[in-house]
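Please find the sequence and the predicted model below.
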Amino acid sequence: MLLNVKGSTAANRKLVTTAAWWYAEKLMGSRLMSNLEINITMDNNLYKRTELEGSAIWEDEGQRPKEFTIELDSSSQIRNILITLAHEMVHVKQWAKDEMYEYYNTPGMVRYMGEKMFMKDIDYWDYPWEIEAYGRQLGLFVRFCKDVGIADREDMKEAA
């Protein structure tokens, strides 16, 4: 996997890089990962500009894209950045494994797990691809923290 991370601090870039590799391996495996290029930008103003903590898009053409851009709001605490990264990596997996496809010639039409649907007909919280991403983000984050030995760090713990 070709991974480029920019923005934020050197310590945050290092942690995001480690987490992106870990998430990719858990979600996709080394064979699929080997063909991917992921560019991650940590932007201090992302939330102010877009009201999003993160986003993911694919950059290349084709049924199974290989080039992705992830944006993360770096004004958040590092814990939230890593959780958001896990969420966006689930979307990368969905596209890379052809579980999800967005029809750009038919705006708003999505194929997810073989079923075509129009996004306008479904509430955001009922999008099945978002249900999967939200459902997996915290578990991925917790497992990552345990595996790399940072689970006991104060900045990785949920605020009281």
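Arrived safely.

all strands for this protein, in order.
Per DSSP state E, the chain carries strands over the ranges 2-7, 37-43, 54-58, 67-73, 100-103, 109-112, 115-118.

among those, which gets the worst mean confidence?
Mean pLDDT across the strands of the chain is lowest at strand 100-103; the value there is a mean of 90.

worst-scoring helix or strand of this protein, pLDDT-wise?
Among the helical and strand segments of the chain, the one scoring lowest on mean pLDDT, DSSP states H and E is strand 100-103, with a mean of 90.

Give the partner strands of that one in its sheet and their orientations.
With DSSP bridges as the test, strand 100-103 is paired with strand 109-112 (antiparallel).

Which of the residues in the strand it pairs with are classified as buried?
Neighbour counts over strand 109-112 (16 or more other Cβ atoms under 10 Å) mark Val110, Tyr112 as buried. (C-beta placed from N, C-alpha, C; glycine too.)

now it, how far from the centre of its chain.
In terms of Cα atoms, centre = their mean, to the nearest Å, the centre of strand 109-112 is found 18 Å from the chain centre.

Let the chain start at 45 from now.
Sure thing, new numbering starts at 45, so read that last one as strand 153-156.

just to revisit the earlier point, got CSV for the strands of the chain, with distance to Pro172 too?
Below are the strands of the chain laid out as CSV (distance: least, Cβ to Cβ, whole Å):
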stretch, distance to Pro172
strand 46-51, 27
strand 81-87, 23
strand 98-102, 16
strand 111-117, 20
strand 144-147, 9
strand 153-156, 5
strand 159-162, 8
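
who touches the closest residue to Thr61 other than its chain neighbours in this structure?
Excluding the flanking residues, the one nearest Thr61 by Cβ to Cβ, 6 or more residues apart in numbering is Val49, at 5.0 Å. Residues near Val49 by Cβ atoms under 8 Å, 6 or more residues apart in numbering: Arg57, Val60, Thr61, Ala64, Ile84, Thr85, Met86.

Please report how far Val49 lies from Leu129.
10 Å (Cβ to Cβ, to the nearest Å).

returning to that earlier point: okay, the strands of the chain, which one's buried deepest?
strand 111-117 (a mean of 22; mean count of other Cβ atoms under 10 Å).

and the angle from that strand to strand 81-87?
Taking axes from the mean of the first three to the mean of the last three Cα atoms, to 10 degrees, strand 111-117 and strand 81-87 form an angle of 20 degrees between their directions.
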